[in-house]
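Enquirer: heads up, no residue letters with this:
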């Protein structure tokens with residue numbers, strides 16, 4: 001029996017993605033939890049991730065020259081990168097802080113609200129239209145999350161507010177990415193995204209860190225283990241690249257299925273790794289309802305995307321031409337090629353898929369974002 005090496009490699013990438021995504025979330029929870037590693041400083045942890053990612057990106061761009069930097073002007077940086085970095089830093093901060101108050105399983109259930117938040121922000125910003133079918137999907141997702149929240153034994157309003165706020169901050173960042181960057185024809189791959197956004201996010205996080213965490217860190221005796229934080233940041237960075245490899249080799253539908261599978265695995269694993277986490281029947285029922293809405297939402301958006309791609313360009317309106325153009329990366333210095341030297345197939349159709357731990361994978365059409373999630377590049 002002949003083994004299809006390409007298929008094996010695809011499944012290997014998917015396995016690596018699922019393992020890294022689940023592992024990074026559990027790792028972050030373990031580091032931040034007062035019952036385990038006891039480093040209850042989410043802003044500090046996020047700044048470590050941003051600093052590490054920015055340094056690696058600088059080496060890849062400027063020293064090793066793996067990719068060339070894009071044509072970035074001061075105007076574009078000030079009006080586009082800075083606001084995007086601000087909301088990105090906020091989503092990381094709030095998402096990581098939620099780990100201090102609520103369980104990993106409940107956080108994953110709340111993340112089902114991400115399509116709702118993205119859809120709401122897209123409608124407000126004018127990048128998507130309010131449609132009855134999508135609205136009903138959002139209603140189903142919201143009802144499912146509400147049922148799941150009602151069934152949460154250790155419900156904590158502070159942690160819930162932090163997580164939901166982080167979700168909406170990430171949704172606004174995604175919409176801003178489309179409105180600000182892509183309207184200017186600027187395409188960023190994961191490396192160039194880290195190169196420009198990570199340092200700026202680090203600076204934004206410095207202010208809340210100095211005001212909220214720095215005084216507490218001075219009086220509290222900390223156990224700072226270099227290898228713990230280095231390996232944690234390295235895993236987060238590896239995840240950001242693994243999801244990009246998966247997207248390039250498979251496509252949007254495969255990544256979404258893998259994401260749903262990863263969520264269920266993570267919820268089950270979290271109850272084993274953290275015995276204090278308890279899942280109730282209402283949790284599962286509510287999350288299942290929410291996922292039904294998310295799956296239907298994904299289906300409608302993929303269907304819309306395929307219908308748009310089938311339109312002849314010469315018969316399209318100027319707006320449609322612009323929309324189709326957004327799906328395509330120009331062959332410029334920021335393009336990323338697969339291991340065969342070809343422009344990554346499947347990237348354009350799946351670029352909107354954003355993992356909660358690797359949100360800097362470029363999103364070409366935010367109106368087609370399905371079950372994207374938030375937390376951070378490393379948490």
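Expert: Sure, I can see it. All of these numbers come straight from a predicted model, not from anything done at the bench. Residues are numbered from 1 along each chain as shown.
Enquirer: what about this protein, any weak spots by pLDDT?
Expert: 1-3, 251-253, 311-379 (pLDDT under 70).
Enquirer: How about residues contacting stretch 270-281?
Expert: Contact with stretch 270-281 is made by 26, 29-30, 33, 35, 103-106, 108, 151-154, 267, as judged by C-beta atoms under 8 Å, 6 or more residues apart in numbering. The way it works is simple: take the backbone N, C-alpha and C, and place the C-beta from them, glycine included.
Enquirer: Mind checking which of those residues are buried?
Expert: Buried members of the contacts of stretch 270-281, scored by 16 or more other C-beta atoms under 10 Å, are 26, 29-30, 33, 103-106, 108, 151-152, 267.
Enquirer: Pull the most distant pair out of those.
Expert: Distance extremes for the buried ones among the contacts of stretch 270-281: the farthest pair is 30 and 151 at 24.9 Å, using C-beta to C-beta.
Enquirer: and the gap between residue 115 and residue 86?
Expert: In this view, residue 115 and residue 86 are 23 Å apart by C-beta to C-beta, to the nearest Å.
Enquirer: So the two - more neighbours on which side?
Expert: For residue 115 versus residue 86, neighbours defined as other C-beta atoms under 10 Å are more numerous around residue 115 (25 against 19).
Enquirer: Tell me the helix or strand right after the helix or strand hosting the more buried one.
Expert: Secondary structure assigned from DSSP states H and E places residue 115 in helix 114-125. The element immediately downstream of helix 114-125 (helix or strand, assigned by DSSP H and E) is helix 132-150.
Enquirer: for that next one, which positions count as buried?
Expert: Applying 16+ other C-beta under 10 Å to helix 132-150 flags 134, 137-138, 140-142, 144-145, 147-149 as buried.
Enquirer: now it against helix 114-125, angle please.
Expert: 130 degrees (axes from the mean of the first three to the mean of the last three C-alpha atoms, to 10 degrees).
Enquirer: re the thing from before, counting by contacts, list what the helix holding residue 115 packs against.
Expert: helix 132-150, helix 157-176, helix 281-309 (3 or more C-beta pairs under 8 Å, 6 or more residues apart in numbering; DSSP states H and E).
Enquirer: Among these, show me which one is buried the most.
Expert: Among those, the stretch with the highest mean neighbour count (mean count of other C-beta atoms under 10 Å) is helix 157-176, at a mean of 22.
Enquirer: Show me what that helix is packed up against.
Expert: Using 3+ C-beta pairs under 8 Å, 6+ apart: helix 157-176 touches helix 82-98, helix 104-110, helix 114-125.
Enquirer: now the angle from it to helix 132-150?
Expert: Interaxial angle, helix 157-176 versus helix 132-150 (the same axes, to 10 degrees): 160 degrees.
Enquirer: Give the buried residues for the helix or strand that helix 157-176 is followed by.
Expert: Downstream of helix 157-176, the first helix or strand assigned by DSSP H and E is helix 190-208. Buried residues in helix 190-208, counted by 16+ other C-beta under 10 Å: 190-202, 204-205, 208.
Enquirer: nearest to residue 73, of these?
Expert: Using C-beta to C-beta, the buried residues of helix 190-208 come closest to residue 73 at residue 196, 11.9 Å.
Enquirer: residue contacts, the closest one?
Expert: For residue 196, counting by C-beta under 8 Å, 6+ apart, the contacting residues are 72, 77, 81, 188.
Enquirer: Which pair of the residues you listed spans the longest distance?
Expert: Among these, 77 and 188 lie farthest apart (C-beta to C-beta), at 12.1 Å.
Enquirer: Quick check: closest non-adjacent residue to residue 138.
Expert: residue 116 (4.7 Å; C-beta to C-beta, 6 or more residues apart in numbering).
Enquirer: Repeat that for residue 81.
Expert: Leaving aside its sequence neighbours, residue 81 sits nearest to residue 196 (C-beta to C-beta, 6+ apart; 5.2 Å).
Enquirer: Check residue 22 too.
Expert: residue 266 (4.6 Å).
Enquirer: which element is that neighbour on?
Expert: Per DSSP H and E: helix 252-273 holds residue 266.
Enquirer: Please point out which parts of that helix sit buried.
Expert: Within helix 252-273, the residues scored as buried using 16+ other C-beta under 10 Å are 252-256, 258-260, 262-263, 266-267, 269-270.
Enquirer: Please render these as CSV that adds distance to residue 225 to the earlier fields.
Expert: Output for the buried residues of helix 252-273, formatted as CSV (distance: C-beta to C-beta, whole Å):
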residue, distance to residue 225
252, 39
253, 41
254, 37
255, 34
256, 36
258, 32
259, 31
260, 34
262, 27
263, 29
266, 24
267, 28
269, 23
270, 23
